[in-house]
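In: next input, structure requested:
(one chain, ligands or ions: 1)
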Amino acid sequence: MLELEKINTHYGSIQSLWDINLNIRKAEIVTILGSNGAGKSTLLNTISGIIRPTSGTITFEGNRIDTVMPHQIIELGLAQIPEGGRPFLDMSVQENLEMGAYPARAWRSQKDTLKEIYELFPRLKERAGQMARTLSGGEKQMLAIGRGLMSKPVFCMFDEPSYGLAPIIVSEVFQIIKKLRERGITIMLIEQNVKRALEIADRAYVLENGRITLQGPCQELMQSDHIRQAFLGI
Ligand code: ATP
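Out: Residues are numbered from 1 along each chain as shown. Next up, the predicted model:
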C-alpha cells in the first residue's frame, strides 16, 4: 500500500534520513522505533508531504506522492494524527471534528462519519459542545484520532499517540488503534512506548541516526538482544 524506495531527506545541508526502504501492506500495523533524534518525525513528515525528500520515491496505492502537495495526499486517504492531538483550542469538540472532514472524499458523508466517531468515542459525544482547550490530555488525543478519521482515511500515521497519557488511557488509545485495523485501516505507528508498540504491531522498523538498522516481525524483534537492551531495558 505504501512503499518508500531509497528516500533521503535533508534539513539544509544536514541529512536526516539515509536511503530509507520501507513498505506497508494493507491492514497491517507497522511501528517505527527509534530513540530521540533518530528521524521518526522526519520520516512521517516526509511521507505526508510536509517535508520533501531530496531523492528517492514514495508510492501510495500505486500513485507517486513524493512530489504531491500535503492536502492532495490527504485526499488520497492518508491521515496524520499529530503528537498531543494539537486541536484548535478555541473551537468545540464537534467543530474540531467537522474541520477534519474538509477533503472532498469525506465532505458529503460527514454526518454519518461523525455518528460513527461518536460511537467509537462516547466521551467525545458527551463533550461535543465543550471547548477543546478544556479537554484532558487523553481526550485531546481521542479528538485528534477522531478528527483524522473524519477525513475517511485508508491509512493512518500516528505520531506518539501515548505520549504523556496515563496508563489506563494509553490502553484505551491502543484498543482504538486495534479497532481501526479491524475495520481495514492500515496503521503506521511511531511510539516511545516500545513494549506496547511491539505488542500491537505486526512488523517494526528500527531507525537509528536516520538509517533503518533492523526490521522484521515484532515477535522476532522482541527476542533480539539489541532491541531488548536498547529499547526494552532488559
Ligand atoms: P524525537 O523522538 O525526539 O521526536 P525523532 O526520531 O522524531 O526524535 P526527528 O525530529 O525526525 O527525530 O529529527 C531527526 C534529526 O533531524 C535530528 O538530528 C534533528 O535535530 C534534525 N531536525 C529535525 N527537524 C529539523 C529542522 N527543522 N531543522 C534542522 N534539523 C532538524
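
In: residues in this structure within reach of the ligand, list them.
Out: The chain comes close to the ligand at residues 11, 14, 16, 34, 36-42, as judged by C-beta under 6 Å from any ligand atom. Glycine gets a C-beta too; all of them are placed from N, C-alpha and C.

In: longest helix in the chain, please.
Out: Residue-count comparison of every helix in the chain, with assignments taken from DSSP state H, identifies helix 167-182 as the longest.

In: for it, the averaged confidence score.
Out: If you average the pLDDT over helix 167-182, you get 88.

In: same deal with stretch 225-233?
Out: Looking at stretch 225-233 alone, the average pLDDT works out to 80.

In: can you check stretch 15-22 too?
Out: 96.

In: again, but for stretch 132-149
Out: Model confidence over stretch 132-149, given as mean pLDDT, is 89.

In: give me the neighbour count for residue 71.
Out: 10 (other C-beta atoms under 10 Å).

In: quick one: the helices in this protein?
Out: 40-47, 70-75, 93-99, 104-107, 110-120, 122-126, 137-149, 167-182, 194-200, 218-221, 225-227.

In: picking up where we left off before, from the chain's centroid, how far away is the longest helix of the chain?
Out: Counting by C-alpha atoms, centre = their mean, to the nearest Å, helix 167-182 is centred 13 Å from the centre of its parent chain.

In: please save the CA atoms from stretch 88-107 in CSV.
Out: What follows is stretch 88-107 as a C-alpha-only set of coordinates in CSV (Å, rounded to 0.1, in the frame of the first residue of the first chain):
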residue,chain,number,x,y,z
PHE,A,88,-8.0,24.0,17.5
LEU,A,89,-8.2,25.1,21.1
ASP,A,90,-10.9,27.8,20.8
MET,A,91,-13.2,25.6,18.9
SER,A,92,-15.6,23.0,20.3
VAL,A,93,-15.1,19.2,20.1
GLN,A,94,-17.7,19.0,17.3
GLU,A,95,-16.3,21.9,15.4
ASN,A,96,-12.8,20.3,15.6
LEU,A,97,-14.2,17.1,14.2
GLU,A,98,-16.1,18.9,11.4
MET,A,99,-12.8,20.6,10.4
GLY,A,100,-11.4,17.1,9.7
ALA,A,101,-14.0,16.4,7.0
TYR,A,102,-12.6,19.0,4.6
PRO,A,103,-11.2,16.6,2.0
ALA,A,104,-13.7,16.1,-0.9
ARG,A,105,-13.7,12.4,-0.3
ALA,A,106,-15.1,13.0,3.2
TRP,A,107,-17.3,16.1,2.9
